[in-house]
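Trainee: next one to model:
(chains A and B)
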Amino acid sequence: MTKPTALDSLEPVAGNGLLHRRLFLTGGAAVAGLTFMTARAAPPEVPAWMKTPGAPMRAYGERSAHEASVQRMVGSTPGAAGTGASRTPLEALEGIITPSALHFERHHNGVPDIDPDQHQVLIHGLVDRPLIFSMDALARYPLVSRIQFLECSGNSGGNNGAEAPQQTAGGIHGLISCSEWTGVPLAILLEEAGARPEGRWLLAEGADAAAMSRSVPMAKALDDAILALYQNGERLRPEQGYPVRLFLPGYEGNMSVKWLRRIKVTAEPTMTKDETSKYSDLQPNGRSLLFTFPMEVKSVITSPSGMQTMQGPGLYQISGLAWSGFGRIRRVDVSADGGKSWAQAALDGPVLPMCATRFRLPWRWDGTPSVLMSRAVDETGAVQPTRAALMAARGAQFRYHYNAIQSWNVSAAGEVSNVYA
Amino acid sequence: MRSSSALIVAIAGACALVANAQESPGLGVPATPEQIAGWDVSIGPDGEGLPPGSGTAAAGKAVYEAKCLACHGAEGAGQPNDRLVGGQGTLREAAPIRTIGSYWPYATTVFDYIRRAMPYVTPHSLTADETYAVTAYLLALNGIIGQAEVMDAASLPKVVMPNRDNFDSAYREPRRR
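Mentor: Have a look, this model is predicted:
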């Protein structure tokens, strides 16, 4: 008898070849011998790039030219190029941080070109001392940094339709991104201005051509809102609100008003167009819900995912993202048999509140048609619903806050497609 | 928003401004009333913030046809962008039509949004009279006010939108920690 090896853990833990989540951590050479079977022609012993000096340093880096095909998917409103969205190519990325250049966009009238020396933030309304803050002044305040996701409330809305859209993971779910955001706690500025107790809400307004505006509960503003100045270590990108944006962890994305120019403390919500006509949820009974702020627990497998083709039977690592606007992800389960059986995925740490969490699970695909699913649970115990349950509860016409389980069909040929299962 | 008002009253004062323990460097510069008046373009549902001026549907028709029709269609019929007129009674149907007339809860929001964001290619270009007039035109096309009714800071907040009582707030203020 030889002693047990990692090969022993290749016993499936759920149907259709799902393996234990710690396999890749313990498997070592045994796993290496089994992997991915992507044999390629060996490169020349001394490749061309070893026979000449490399490129010099440069003042601002660019990615490899070989990665140029990794792009946001841009979609605009007819006749209004600055209105619409661009989606993060989730299927091309790993880890939890979205490169700033690939962070999704949703604009309501384009990206303004703002001179920070001419931009200021006004705090007024139900305050004792209306105040104006320059960008230089804001940068001198105590800063905090947090890694948190931002998700458009319309994300994944394509899956509302009668036919499953045939798109990539990013094409369907790419209105979620995750960054390290650094900024000034809004509570400090509201205290300096002397916000009054009757000010239960505030209006946040942007300096774009849509003057995007949303009402925000004062409780949220005092709890964890920041005026973000930095994203992933550098000043905000113009399309993320340069020089300053509101950031409301876990809340639907458009409330994190970009290009912030004004905060008005009010007793009641202002009832702007983008919180009544849009971003409100019409229910089957004809009544509508306002102020559905946090984004619900959700996950999506990014590899393998829609429009990809698997390279034949063998061992794969299923990889995906999970997140919740209500706190931390507690667990993610994965199914390879259309939801008949589930295996617990490994979560890459640290698992942070209101932050994307990477999950992984080894899968030995035997080459038969399979349906992959992931199901996230957050720290409040909320479980990501099936599509059937979500559609039954919310009706066919709802637009926002779609968080149902995503199913990917894998054909015998290895082609991955979106399927309602 | 009656339920949310009641909730707010019930817990008013329960939640003092607690701050983050950080000290502020105190770099905010006092804003003058004139500065605030120039910046403050938002209109509350009670009409707070509505400027002087007035307009009627007849005056608004000319402004609409010159500056809005290309995107929103003749008489607000929509295409290429949002439809603004009609759809009353469709909100329980499989394909509800959400317009100003069928869906929007407050007439003040129409004024607020036109003033802050429209026309799309030249926002902040309409006068207060033009904005009241286009608002009146859209409300009249939806059958909510009469053709001759004058919209101004006094009359606009009194307009009752057909769908006004069909909204509920999903937000519940947290208990004090």
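Trainee: dump the residue contacts of A:Pro294.
Mentor: Going by Cβ atoms under 8 Å, 6 or more residues apart in numbering or on different chains, A:Pro294 touches A:250-252, A:325-326. Every C-beta, even on glycine, is put in place using the N, C-alpha and C of the backbone.
Trainee: among these, who's most crowded?
Mentor: Neighbour counts for the contacts of A:Pro294 peak at A:Tyr251, which has 26 neighbours (criterion: other Cβ atoms under 10 Å in any protein chain shown).
Trainee: correct me if wrong: it contacts A:Glu296.
Mentor: No: taking Cβ atoms under 8 Å as the definition, A:Tyr251 is not a contact partner of A:Glu296, at 11.6 Å.
Trainee: now the common contact residues for those two.
Mentor: Between them, A:Tyr251 and A:Glu296 share the contacting residues A:Gly325, judged by Cβ under 8 Å, 6+ apart.
Trainee: gap between the residue in chain B that chain A sits nearest to and A:Val127?
Mentor: The nearest approach of chain B to chain A comes at B:Gly28, 3.0 Å away (Cβ to the nearest Cβ). Remark: distance between B:Gly28 and A:Val127 (Cβ to Cβ, to the nearest Å) = 10 Å.
Trainee: count residues in the vicinity of the residue nearest to A:Thr83 when sequence neighbours are not counted, would you?
Mentor: The shortest distance from A:Thr83 to any non-neighbouring residue, by Cβ to Cβ, 6 or more residues apart in numbering or on different chains, is to A:Thr77 (4.2 Å). Residue crowding around A:Thr77 was assessed by other Cβ under 10 Å; the count is 17.
Trainee: one step back: common neighbours of B:Gly28 and A:Val127, please.
Mentor: Shared contacts of B:Gly28 and A:Val127 (Cβ under 8 Å, 6+ apart): A:Ala193.
Trainee: ramachandran angles for the most centrally placed residue in chain B?
Mentor: For chain B, B:Thr109 is the residue whose C-alpha lies nearest the centre (Cα atoms, centre = their mean; 0.7 Å). Per-residue torsions, B:Thr109: phi -70, psi -30 (degrees, to the nearest 10).
Trainee: check chain B for its longest helix and report it.
Mentor: Using DSSP state H to define each element, chain B has its longest helix at helix B:128-141.
Trainee: need the residues that contact that helix.
Mentor: Contacts for helix B:128-141 (Cβ under 8 Å, 6+ apart): B:51-57, B:59-61, B:63-64, B:68, B:75-76, B:84-85, B:100-101, B:107, B:110-111, B:114-115, B:126, B:145-147, B:149-152, B:156, B:159.
Trainee: what are the C-alpha coordinates of stretch A:14-24, in CSV please?
Mentor: Taking C-alpha atoms only, stretch A:14-24 is exported to CSV below (Å, rounded to 0.1, in the frame of the first residue of the first chain):
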residue,chain,number,x,y,z
ALA,A,14,-21.1,16.2,-6.3
GLY,A,15,-22.6,15.0,-9.5
ASN,A,16,-21.0,15.1,-12.9
GLY,A,17,-17.4,15.4,-11.8
LEU,A,18,-17.3,18.2,-9.3
LEU,A,19,-14.2,17.7,-7.1
HIS,A,20,-13.3,18.8,-3.6
ARG,A,21,-12.6,22.5,-3.3
ARG,A,22,-9.2,21.9,-1.7
LEU,A,23,-7.9,19.8,-4.5
PHE,A,24,-5.8,22.5,-6.2
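Trainee: quick one: buried residues of it?
Mentor: Of all the residues in stretch A:14-24, those buried under the rule 16 or more other Cβ atoms under 10 Å in any protein chain shown are A:14-21, A:23-24.
Trainee: how about stretch A:104-121?
Mentor: A:104-112, A:114, A:116, A:119-121.
Trainee: got it, and stretch B:164-177?
Mentor: B:166-169, B:171, B:173.
Trainee: got it, and stretch B:54-62?
Mentor: Of all the residues in stretch B:54-62, those buried under the rule 16+ other Cβ under 10 Å are B:54-57, B:59-61.
Trainee: looking at those residues, which are in strands?
Mentor: Among the buried residues of stretch B:54-62, the members found in strands (DSSP state E) are B:54-55.
Trainee: export the buried residues of stretch B:54-62 to a markdown table and tack on distance to B:Pro96 and pLDDT?
Mentor: Listed next are the buried residues of stretch B:54-62 as a markdown table, based on distance: Cβ to Cβ, whole Å; pLDDT from 0 to 100:
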| residue | distance to B:Pro96 | pLDDT |
| --- | --- | --- |
| B:Ser54 | 33 | 98 |
| B:Gly55 | 30 | 98 |
| B:Thr56 | 30 | 98 |
| B:Ala57 | 26 | 98 |
| B:Ala59 | 31 | 97 |
| B:Gly60 | 26 | 98 |
| B:Lys61 | 27 | 98 |
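Trainee: in CSV, list the buried residues of stretch A:14-24 along with pLDDT.
Mentor: Listed next are the buried residues of stretch A:14-24 as CSV, based on pLDDT from 0 to 100:
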residue, pLDDT
A:Ala14, 93
A:Gly15, 93
A:Asn16, 92
A:Gly17, 94
A:Leu18, 95
A:Leu19, 94
A:His20, 93
A:Arg21, 91
A:Leu23, 83
A:Phe24, 72
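Trainee: the residues you listed: which two are farthest apart?
Mentor: Greatest spatial distance in the buried residues of stretch A:14-24: A:Gly15 and A:Phe24, 19.9 Å, computed using Cβ to Cβ.
Trainee: between the buried residues of stretch A:104-121, which sits nearest chain B?
Mentor: Using Cβ to the nearest Cβ, A:Asn109 is the member of the buried residues of stretch A:104-121 that lies nearest chain B, at 6.5 Å.
Trainee: wait, A:Gly206 sits on A:Trp259?
Mentor: Yes: applying Cβ under 8 Å, one finds A:Gly206 in contact with A:Trp259, separated by 4.4 Å.
Trainee: between those two, which contacts overlap?
Mentor: Common neighbours of A:Gly206 and A:Trp259 (Cβ under 8 Å, 6+ apart) are A:212, A:241.
Trainee: so how far is A:Ala382 from the closest residue to chain B within chain A?
Mentor: In chain A, the residue that lies nearest chain B is A:Leu131 (3.0 Å; Cβ to the nearest Cβ). According to Cβ to Cβ, A:Leu131 and A:Ala382 sit 39 Å apart.
Trainee: neighbour-wise, which of those two wins?
Mentor: A:Leu131 (24 against 17).
Trainee: got the contact list for the residue nearest to the spatial centre of chain A?
Mentor: Within chain A, the residue whose C-alpha comes closest to the C-alpha centroid is A:Ile176; the distance, by Cα atoms, centre = their mean, is 2.5 Å. Contacts for A:Ile176 (Cβ under 8 Å, 6+ apart) come out as A:88, A:90, A:104, A:149-152, A:155, A:321, A:323, A:356.
Trainee: how does it look with 6 Å?
Mentor: Residues in contact with A:Ile176 (Cβ atoms under 6 Å, 6 or more residues apart in numbering or on different chains) are A:149, A:151, A:155.
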